[in-house]
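J.: here is a sequence with its predicted model. Questions after.
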Amino acid sequence: MKLVKPTAAERELPRGVVGGMEVSRASTGASSIFLGRVRVPAAAESRPHYHPKAESALYMLSGRMEVRYGDGFEQSLMVEPGDMLYVPPNETHLLRNPSEAEPAEYVVARDSATDDSVEVPWSG
């Protein structure tokens, strides 16, 4: 058993959002689950990416976040506090915080022990 406590430490994730605390292979030795708290800074947009072979589910804590997906990112959802979102494996998407002042925060779970994502430069 391992306890993960909040810290002030944050790190930029490869897809352009900010990670904080997590349960993962790296932090606890988990073999098949990732659970993390993520922040999207005010007016920030992630790079287009997908999570290979991993289902994801998120719970929105605060702020609002637009999720764009589909061919050419023509489809869009607005995720607000209290909402949950399911993202299937290999679904290319990007996240955008529409607020100019407030960060958006969410908790994400994935059936993978890592926070691996693949950026898709052809879609940017």
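T.: Noted; the coordinates are in hand.
J.: for stretch 20-30, the averaged confidence score.
T.: The average pLDDT within stretch 20-30 is 86.
J.: strands of the chain, start to end?
T.: Counting by DSSP state E, the chain has strands at residues 11-12, 18-23, 34-40, 49-50, 56-62, 65-69, 75-79, 84-87, 93-96, 104-110, 118-119.
J.: turn those strands into JSON lines, columns for mean neighbour count and distance to L3.
T.: (Each C-beta comes from the backbone N, C-alpha and C, glycine too.) What follows is these, written out as JSON lines (neighbours: other Cβ atoms under 10 Å; distance: least, Cβ to Cβ, whole Å):
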{"stretch": "strand 11-12", "mean neighbour count": "8", "distance to L3": "20"}
{"stretch": "strand 18-23", "mean neighbour count": "18", "distance to L3": "10"}
{"stretch": "strand 34-40", "mean neighbour count": "21", "distance to L3": "13"}
{"stretch": "strand 49-50", "mean neighbour count": "21", "distance to L3": "30"}
{"stretch": "strand 56-62", "mean neighbour count": "17", "distance to L3": "20"}
{"stretch": "strand 65-69", "mean neighbour count": "20", "distance to L3": "28"}
{"stretch": "strand 75-79", "mean neighbour count": "13", "distance to L3": "29"}
{"stretch": "strand 84-87", "mean neighbour count": "14", "distance to L3": "25"}
{"stretch": "strand 93-96", "mean neighbour count": "21", "distance to L3": "29"}
{"stretch": "strand 104-110", "mean neighbour count": "20", "distance to L3": "17"}
{"stretch": "strand 118-119", "mean neighbour count": "14", "distance to L3": "31"}
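J.: nearest to M1, out of those strands?
T.: strand 18-23 (11.3 Å; Cβ to Cβ).
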